[in-house]
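*Asks:* Quick one: sequence plus predicted model below, questions after.
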Amino acid sequence: MKCDECGGPMTVEPNAVRRYDLGGLPHVELHGVEVMRCTACGSETIAIPRVAQLHRVLANRFVNQHRMLAPVEIRFLRKHIGLTGADFAQKMGVARETVSRWETGSNPIGALADRLLRMLVVHHEPSESYVVDDLLSELTDAPAPKKLLSVAIRNGGKSGWESESGRELAKA
Ligand SMILES: [Zn+2]
């Protein structure tokens, strides 16, 4: 295979770790992805299998966090449930600009809206892995830190993506 950018030779790293910048989630580390890298210009292509299942694992992980959702997580979840900024604002009962501020981090989301977004995600994707009572009672409303801790998600091959904690959160 040759590089799309410069025609140079490509090497393949079959079991690489890369941040999920493409998905708008730079704090998420994908383990076990295949990376093709040009030895001439360094340009990389990352193969991410089963994207839909990966996104379900991530949504599940974020919704079950005890702290408040971070701006990049809010944006990810809003898109995950298929809403535009305007539709999301309408569902949440806020102005479009308010949604923008949550997603850029210029204003924190607040405990009520944080819970409502989680409920929208749970409702969008009913699953036995969501236990709503537990989910709500375990929230601490601690603000998301400016610098987010890394979230590691491993490509388990046939079994699909898994959260690094070892607990399997969503099956394909
Ligand atoms: Zn190249």
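*Replies:* Right, received. Where do you want to start?

*Asks:* what about this protein, any weak spots by pLDDT?
*Replies:* The chain contains residues with pLDDT under 70 at 126-130, 165-172.

*Asks:* buried ones in the top strand by length along the chain?
*Replies:* Determined from DSSP state E, the single longest strand within the chain is strand 25-38. Using 16 or more other CB atoms under 10 Å as the test for burial, strand 25-38 gives 25, 28-38. The way it works is simple: take the backbone N, C-alpha and C, and place the C-beta from them, glycine included.

*Asks:* For the spatially closest residue to E44 that is not a sequence neighbour, list the residues it contacts.
*Replies:* Closest residue to E44 apart from its sequence neighbours, by CB to CB, 6 or more residues apart in numbering: R37 at 5.0 Å. When the contact criterion is CB atoms under 8 Å, 6 or more residues apart in numbering, the partners of R37 are 10-13, 43-45.

*Asks:* same thing but 10 Å
*Replies:* Neighbour list for R37: 3, 8-13, 16, 43-46 [criterion: CB atoms under 10 Å, 6 or more residues apart in numbering].

*Asks:* rewinding a little: looking at the buried residues of strand 25-38, which is nearest the ion?
*Replies:* Of all these, C38 has the smallest distance to the ion: 3.1 Å, by CB to the ion.

*Asks:* so who does that closest one touch?
*Replies:* Neighbour list for C38: 1-11, 44-45 [criterion: CB under 10 Å, 6+ apart].

*Asks:* again, only using 6 Å
*Replies:* Residues in contact with C38 (CB atoms under 6 Å, 6 or more residues apart in numbering) are 3, 8, 10.
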